[in-house]
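>>> Sequence and predicted structure are below.
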Amino acid sequence: MLFLTRESIQSCAEVWKDADVELPQFDYEQVAENTRVRPEWVHFGAGNIFRGFVANAHQKLLELGKADTGIIAATSSDYELIDKIYKPHDHLTLLVLMNASGEFTKKVISSITEAIMANKNRAEDYCRLVEIFENPSLQMASFTITEKGYTLTGPDGMYLDIVKKDMEQGPEQPSHSMSVIASLAYRRYLKGQYPMTFVSMDNCSHNGDMLKNSVITIAKAWAAKGVVEQGFVAYLEDESRITFPLSMIDKITPRPSEVVRNALQEQGIGGMDILITSRNAHTAPFVNAEVSEYLVIEDKFTNGRPLLEEAGIIFTDRETVNRVETMKVTTCLNPLHTALAVTGCLLGYTQISDEMQDQTLRTLVERIGYKEGLPVVVDPIILRPQQFLDEVLQERLANPFIPDTPQRIATDTSQKVGIRYGETIKSYVQRENLHPAELTAIPLAIAAWCRYLIGVDDEGNSFELSPDPLMESLQAHLQGVTLGDSTSNVHRILDNEKIFGVPLYEIGLGSKIESYFYEMLKGPGAVRRTLEKHLNEVLG
Ligand SMILES: NC(=O)c1ccc[n+]([C@@H]2O[C@H](COP(=O)([O-])OP(=O)(O)OC[C@H]3O[C@@H](n4cnc5c(N)ncnc54)[C@H](O)[C@@H]3O)[C@@H](O)[C@H]2O)c1
Ligand SMILES: O=P(O)(O)OC[C@@H](O)[C@@H](O)[C@H](O)[C@H](O)CO
């Protein structure tokens, strides 16, 4: 049985090839040494999308001879990911791509040369990270740390306790990921005010701006306390030295699946067990993903950048990235995903492609995409919205070989509903020819999320909710609510503009969503009946 290590891919190269695994084609030892001396790229959030997409793109450059340093993977929150997955496999990943005919393409990703805990309690790792940030060679830090990784405030708009503590304690003891970044940037500032670029690759609207705001907020708090030099904030705001480009990343990268693990085992590749860490990361020595992928980045780098265009990554101007990102995150993919996530959990689904066989759910997401989203999308030209949406609905979501689950996508929904629906709703408020009252599918999806929060499915059985940083406060508003109830504090959730990005009641949507919610609460089967009834009404 093969076990993924550097020694194995060298000494058993032919056996790996016989198992149809593509092996890396570059001088790893030289690249690792170059990276040690001359680090250029650190990535925070060493999870599945990073390993399955970003690290693969960089490997293509290494193989083309267009890059000669690797990526340093860092995580501030999950020791187990590094200790139990990265280290035993020498930072290698087995990438498994599934096409629509069910064939696997397997490839070993070897472009990650170091894996570091970005945490002061891991002194040796942290020293290395500081050394990297103090090195003039560093070009960029990129991020896939999930939407909540950037958030400094809670639902009440007040700073989280961890953030307050970080602001109080200064750059020496950072805990929140944004304070860790601010602290590392301060070391770079002190060492020589060297330029570099911070690239968020998370699914947040205007992700670069969000990262910039959070890091600068921390820096300003430290400057106000006098614990950092005054010039530090100016350094972060000086676009000739530090930039925070926007980006849009797209590749459906599900949690590792047992079906894939078993298939690998049958093909003679062992040691591929799936680990769910105590921080709820679902991880394995392999990453399973779809074939389609798009990464579009605002070309605004101050200290050089890898030639990722050679690996299919698109670099363009800010406005174009903004349009592509708005198209994907707020209209053509992620809103559909969130709707399938919450309705899927309520209707007992465990695979997204199965939901696409359900006529009601298919109609729901087609309506969100084609009828409610498309009219407000500004065409980015480099990717055409109609074509993109067709591919999402007809090929990507429907691909039965992509083991994606509504339960994965339902994670952290409170952090995402504002971005995924709020932006479209805003457009309906702002445009003269549109009115929020015309929306049906988006309000149904929001009502389904509120109904989901009760933790009882459409048959009346309780189910496990996916983790969400606001779960406790959200559920407090629905405490004791059971099927058949016609009153609750659901309006307190819907009234929270921090969650939805829009004042739902003021614009006339709050009551509509509330009424859908109570219809869905009427009893067993009511979720499906409510969806069918209102979707049939709009279909005429
Ligand atoms: N998986 C996908 O299909 C996909 C596609 C496009 C974009 N993305 C973006 O990438 C993000 C990560 O997706 P993934 O599939 O890699 O998830 P993952 O769970 O495999 O990895 C997430 C990483 O983020 C870190 N993290 C989690 N919470 C954090 C916090 N509060 N602060 C700092 N780090 C934190 C974890 O330690 C882990 O390394 C998504 O939230 C999304 O914004 C994912
Ligand atoms: O990763 P999240 O939590 O922002 O959202 C879950 C999915 O919608 C997302 O991961 C998609 O798979 C991805 O955005 C496709 O590119």
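Cool, the structure landed. Residues are numbered from 1 along each chain as shown. Ligands and ions are numbered 1, 2, ... in the order given.
>>> and the chain, which of its residues are near ligand 1?
45-50, 75-78, 81, 144-149, 177, 202-203, 249-253, 281 (Cβ under 6 Å from any ligand atom). Using the backbone N, CA and C atoms, a C-beta is placed for each residue, glycine as well.
>>> cutoff 5 Å now
Counting by Cβ under 5 Å from any ligand atom, the chain comes close to ligand 1 at 45-49, 75, 77-78, 144-146, 148-149, 177, 202-203, 249, 252-253, 281.
>>> Around the closest residue to residue 306 other than its chain neighbours, how many other residues sit close by?
Excluding the flanking residues, the one nearest residue 306 by Cβ to Cβ, 6 or more residues apart in numbering is residue 67, at 5.3 Å. For residue 67, the count of nearby residues is 24 (other Cβ atoms under 10 Å).
>>> distance of residue 67 from ligand 2?
Per Cβ to the nearest ligand atom, to the nearest Å, residue 67 is found 24 Å from ligand 2.
>>> Equivalent analysis for residue 361, please.
For residue 361, the distance to ligand 2 - Cβ to the nearest ligand atom - is 15 Å.
>>> Point me to the helix or strand that includes residue 116.
strand 112-117 (DSSP states H and E).
>>> and ligand 2, which of the residues of the chain next to ligand 1 contact it?
Contacts with ligand 2 within the residues of the chain next to ligand 1, as defined by Cβ under 5 Å from any ligand atom: 203, 252.
>>> Can you list which of the residues of the chain next to ligand 1 are found in helices?
The helices, defined by DSSP state H, take in 48, 49, 177 from the residues of the chain next to ligand 1.
>>> Select from these the one having the most neighbours.
In terms of neighbours by other Cβ under 10 Å, those top out with residue 177 at 26 neighbours.
>>> mind listing what that residue touches?
44, 76, 77, 118, 145, 149, 150 (Cβ atoms under 8 Å, 6 or more residues apart in numbering).
>>> Model confidence at the residue of the stretch 351-500 of the chain found nearest ligand 1, what's the number?
Minimum separation of the stretch 351-500 of the chain from ligand 1 (Cβ to the nearest ligand atom) falls at residue 412, amounting to 7.2 Å. On pLDDT, residue 412 comes in at 97.
>>> and what of residue 180?
Looking at residue 180, its pLDDT reads 97.
>>> does the residue nearest to it when sequence neighbours are not counted sit in a helix, a strand or a coil?
Distance criterion Cβ to Cβ, 6+ apart; nearest residue to residue 180, sequence neighbours excluded, is residue 174 at 4.6 Å. Assigned by DSSP: H, G, I helix; E, B strand; the rest coil, the conformation of residue 174 is coil.
>>> isn't residue 174 right next to residue 186, touching?
No: using Cβ atoms under 8 Å, residue 174 is not in contact with residue 186, being 9.6 Å away.
>>> Residue numbers of the protein in contact with ligand 2?
203, 250, 252, 334, 337, 409.
>>> will you turn these into CSV that also has pLDDT and neighbour count?
Shown next, in CSV, are the residues of the chain next to ligand 2 (pLDDT from 0 to 100; neighbours: other Cβ atoms under 10 Å):
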residue, pLDDT, neighbour count
203, 94, 24
250, 98, 25
252, 98, 23
334, 98, 21
337, 98, 22
409, 98, 24
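>>> can you tell me which two in these are farthest apart?
250 and 409 (14.0 Å; Cβ to Cβ).
>>> Now for residue 410: which residues touch it?
So residue 410 contacts 338, 341, 342, 344, 345, 452, 465, 466 (Cβ under 8 Å, 6+ apart).
>>> Kindly report the same for residue 465.
Per Cβ under 8 Å, 6+ apart, neighbours of residue 465: 345, 410, 452, 453, 455, 471.
>>> same thing but at 7 Å, please
Shown in contact with residue 465 (Cβ atoms under 7 Å, 6 or more residues apart in numbering): 455, 471.
>>> doesn't it fall inside a strand?
No: counting by three-state DSSP, residue 465 falls outside a strand, being coil.
>>> And it, how far from residue 471?
Using Cβ to Cβ, to the nearest Å, residue 465 is found at 7 Å from residue 471.
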